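Student: give me coordinates for this.
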Amino acid sequence: MNTPRRRENVVSLLEDQATTLGWFPRQQAYLREHRPPTQIIWGPHDGYMPEASGRAYLRDLPD
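Tutor: The predicted structure follows:
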């Protein structure tokens, strides 16, 4: 978030969440197939992502 372009990208994603939700199945398939090294950080006071959403990544990235 330290550049104007990065902030613009985040705003664009948030403004167009309906489209963003549409590509989730492709993202999930990519994660299952390629299993890239991933670190998921979540805390009980996370105001953006509910715990269930964070844990959902475990289905596609069990390691």
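Student: only C-alpha atoms, please: export the worst-scoring helix or strand of the chain on mean pLDDT in CSV.
Tutor: Least confident element among the helices and strands of the chain, by mean pLDDT, DSSP states H and E: helix 17-22 (a mean of 81). This file holds the C-alpha atoms of helix 17-22, laid out as CSV (Å, rounded to 0.1, in the frame of the first residue of the first chain):
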residue,chain,number,x,y,z
GLN,A,17,-16.3,-7.5,-5.7
ALA,A,18,-19.0,-9.1,-7.8
THR,A,19,-16.5,-9.8,-10.6
THR,A,20,-13.8,-10.7,-8.1
LEU,A,21,-16.0,-13.4,-6.7
GLY,A,22,-16.5,-14.8,-10.1
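Student: quick one: buried residues of that helix?
Tutor: Within helix 17-22, no residue counts as buried by 16 or more other C-beta atoms under 10 Å. Placement of C-beta: from N, CA and C, glycine included.
Student: heading C-terminal from it, find the next helix or strand.
Tutor: Per DSSP states H and E, the first helix or strand lying C-terminal to helix 17-22 is helix 24-34.
Student: and that following helix, what's buried?
Tutor: Buried residues in helix 24-34, counting neighbours by 16+ other C-beta under 10 Å, are absent.
Student: how about residues contacting the helix or strand that it is followed by?
Tutor: As assigned by DSSP H and E, the chain's next helix or strand after helix 24-34 is helix 51-60. By C-beta atoms under 8 Å, 6 or more residues apart in numbering, the residues outside helix 51-60 that reach it are 28, 31-32, 38, 40, 42, 44, 46.
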